[in-house]
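Asks: Build me a structure from this.
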Amino acid sequence: MKKEEVMTPVEFLDICPIADKDFHNEMSILVEEPALRSILSLIAPQYTFSQLKKILLSLNSKHEFQSIVMKQIVEGFIEKTTAGLTWSGLEMMDKETSYTYITNHRDIVLDATQLGYILVADGRESCEVAIGNNLLIYDWIKKLVRLNRSFIVKRNLGKIQTLQAAIQLSSYMHFAVTQKKKSIWIAQREGRCKDSNDRTQESLVKMLTYGNREKSIVESLKEMNIAPIALSYEYDPNDYLKAKEFLMKSKNPNWKKAPEDDLISMQTGLMGYKGHVHYAFAPCINEELDKIPADLDKMLTVNRICSIIDHAIHENYKIFKTNYIAHDILFDNKEFADKYTEEDKEAFTKYLGDQIDKVQDIKLSDFDRFYMYNKMLQMYSNPLTNQVEAMK
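Replies: Sure thing, here's the model as predicted:
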């Protein structure tokens, strides 16, 4: 028997996922969107649009959408663009408990999408996903992600509006976990960490407490059941685009990405080769939160919580040959030489050069190429550097 969906308060209706009672009607509007046809042909080429349209119009809930449609789509991406998606630690997570999954952030689309796939593959319900409105450049994209269990993070607002939006977002997240009994996902920082030196933003932790300000910081966060997850990609298809962004900002600190750059990053992340991908689930941090002194200064409390999340992520990275090789090249030593062969090293350095060659829209000097090469080495070496520090 299908569990009744909890009604969402009106103050959250502009940011929350679309309710199942409205799912079919909203989907029937979405499938008439011309731009959706080209997207579906890209991510599900095995179907004709008329076949997909028929499938989509047969769905009546977000769970059906994810378990019937998204599961197949993600499996296609895993087969074509990875050497395998693996995970560990999920057996520690209670199936009856709703969690706030906090992860490091590598890929705009896939970080949360693959997490949803893992949960469904393990016989669990997928999680709701936080997504910034800066990525929702068309109304139909906003409708699509809300049909796919996303809730909206409002960005680029004035100071007062930013606070109001943070309170609304946090209140909804608390409602989702404690009342709807839904697990949710949010990245540990706004935007992807371009150099892979993953650190939880203090502003994120503060925001999470706004949803229940009657309680202390610790007690407010404990009801969220925060569970860190360490994401590890053997190869990052966007590595050269991230390095190019560093390069452009080094030349002009005021340089900003164009709106279409995020779409390019999304497509590159989806279609590019990632090698092995691993999700390591760490235990809920509530026991660690209990160890924080009740009289500790609020700012120090927030810092401590960020450190707890960071340590769990750093400790649980899966380290690949790419990380070992990058670390040894960057620091000009052979500390991890037993983890790879000279052939592995040559192949990786060639890979980095080939990635840099993909930058065709600007003319790169020899120094530019060296700068990008060094930035990419940092991206691949930082997870190992952080793990070594976390394990001390």
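Asks: now what about stretch 281-290, what contacts it?
Replies: Contact with stretch 281-290 is made by 87-90, 92-93, 97, 99, 218, 221-222, 225-230, 305, 308-309, 312-313, 315-316, as judged by Cβ atoms under 8 Å, 6 or more residues apart in numbering. C-beta here means a position set from N, CA and C on the backbone, and glycine is covered the same way.
Asks: Kindly report the same for stretch 93-104.
Replies: With contacts defined as Cβ under 8 Å, 6+ apart, stretch 93-104 is touched by 111, 115, 123-124, 127, 173, 176-178, 180-188, 193, 196, 198, 200, 204, 208, 224-231, 279, 281, 284, 309, 313.
Asks: Narrow these to those that are buried.
Replies: When those are checked for burial by 16 or more other Cβ atoms under 10 Å, the buried set is 111, 115, 127, 173, 176-177, 180, 182-188, 193, 196, 198, 200, 204, 208, 224-231, 279, 281, 284, 309, 313.
Asks: quick one: which of the residues you listed sit in strands?
Replies: By the criterion of DSSP state E, membership of these in strands covers 184, 185, 186, 187, 226, 227, 228, 229, 230, 231, 279, 281.
Asks: who's in contact with the first one?
Replies: Residues in contact with residue 184, defined by Cβ under 8 Å, 6+ apart, are 98, 99, 100, 101, 127, 128, 129, 130, 151, 173, 176, 177.
Asks: Also residue 220?
Replies: Residue 220 sits next to 174, 208, 209, 211, 212, 213 when contact means Cβ under 8 Å, 6+ apart.
Asks: And the helices in the stretch 101-250 of the chain, which stretches?
Replies: Using DSSP state H, counting those that start in this stretch, the helices of the stretch 101-250 of the chain run over 110-121, 139-147, 159-178, 202-209, 217-222, 239-251.
Asks: Mind putting the ones you listed into JSON lines with distance to residue 288 and mean pLDDT?
Replies: Shown next, in JSON lines, are the helices of the stretch 101-250 of the chain (distance: least, Cβ to Cβ, whole Å; pLDDT from 0 to 100):
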{"stretch": "helix 110-121", "distance to residue 288": "22", "mean pLDDT": "95"}
{"stretch": "helix 139-147", "distance to residue 288": "32", "mean pLDDT": "94"}
{"stretch": "helix 159-178", "distance to residue 288": "18", "mean pLDDT": "96"}
{"stretch": "helix 202-209", "distance to residue 288": "13", "mean pLDDT": "96"}
{"stretch": "helix 217-222", "distance to residue 288": "10", "mean pLDDT": "96"}
{"stretch": "helix 239-251", "distance to residue 288": "31", "mean pLDDT": "96"}
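Asks: I would like a PyMOL command selecting only the buried ones among the contacts of residue 220, please.
Replies: Only the buried entries of the contacts of residue 220 go into this PyMOL selection, using 16+ other Cβ under 10 Å:
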select buried, resi 174+208+209+211+212
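Asks: which one among the contacts of residue 220 gets closest to residue 392?
Replies: Taking Cβ to Cβ as the measure, residue 392 sits nearest to residue 208 out of these, at 28.2 Å.
Asks: mind listing what the closest one touches?
Replies: 100, 170, 173, 220, 221, 224, 226.
Asks: Could you rerun that using 6 Å?
Replies: 170, 221 (Cβ atoms under 6 Å, 6 or more residues apart in numbering).
Asks: how much space between it and residue 254?
Replies: Look at residue 208 and residue 254: by Cβ to Cβ, to the nearest Å, they are 32 Å apart.
Asks: do residue 43 as well
Replies: 35 Å.
Asks: out of the two, which sits in the busier spot?
Replies: A direct count of neighbours by other Cβ atoms under 10 Å for residue 43 and residue 254 places residue 43 higher, at 17 against 5.
Asks: Just give the closest residue to the more buried one, not the sequence neighbours.
Replies: In space, and not counting its chain neighbours, residue 43 is closest to residue 73: 5.5 Å by Cβ to Cβ, 6 or more residues apart in numbering.
Asks: so for the helix or strand containing residue 385, what's the average pLDDT?
Replies: Secondary structure from DSSP states H and E places residue 385 in helix 366-390. For helix 366-390, mean pLDDT rounds to 98.
Asks: buried stuff in it?
Replies: By neighbour count on 16+ other Cβ under 10 Å, the buried set for helix 366-390 is 368-369, 371-373, 375-387.
Asks: centroid residue for this structure?
Replies: Note on the chain: the residue nearest the mean C-alpha position is residue 111, at 3.7 Å, using Cα atoms, centre = their mean.
Asks: which ones are touching it?
Replies: Here residue 111 is in contact with 105, 231 (Cβ under 6 Å, 6+ apart).
Asks: Also residue 26?
Replies: By Cβ under 6 Å, 6+ apart, residue 26 lies in contact with residue 18.
Asks: redo that, cut-off 8 Å
Replies: Contacts of residue 26 (Cβ under 8 Å, 6+ apart): 18, 143, 146, 147.
Asks: What's the local residue count around residue 94?
Replies: With other Cβ under 10 Å as criterion, residue 94 counts 9.
Asks: That one falls within a strand, correct?
Replies: No: using DSSP: H, G, I helix; E, B strand; the rest coil, the assignment for residue 94 is coil, not a strand.
Asks: Pull up the per-residue confidence for it.
Replies: The model's pLDDT for residue 94 equals 97.
Asks: measure it to residue 125 for me?
Replies: To residue 125, residue 94 is 13 Å away according to Cβ to Cβ.
Asks: In JSON lines, list the helices of the stretch 101-250 of the chain along with distance to residue 353.
Replies: Listed next are these as JSON lines, based on distance: least, Cβ to Cβ, whole Å:
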{"stretch": "helix 110-121", "distance to residue 353": "25"}
{"stretch": "helix 139-147", "distance to residue 353": "35"}
{"stretch": "helix 159-178", "distance to residue 353": "42"}
{"stretch": "helix 202-209", "distance to residue 353": "36"}
{"stretch": "helix 217-222", "distance to residue 353": "45"}
{"stretch": "helix 239-251", "distance to residue 353": "10"}
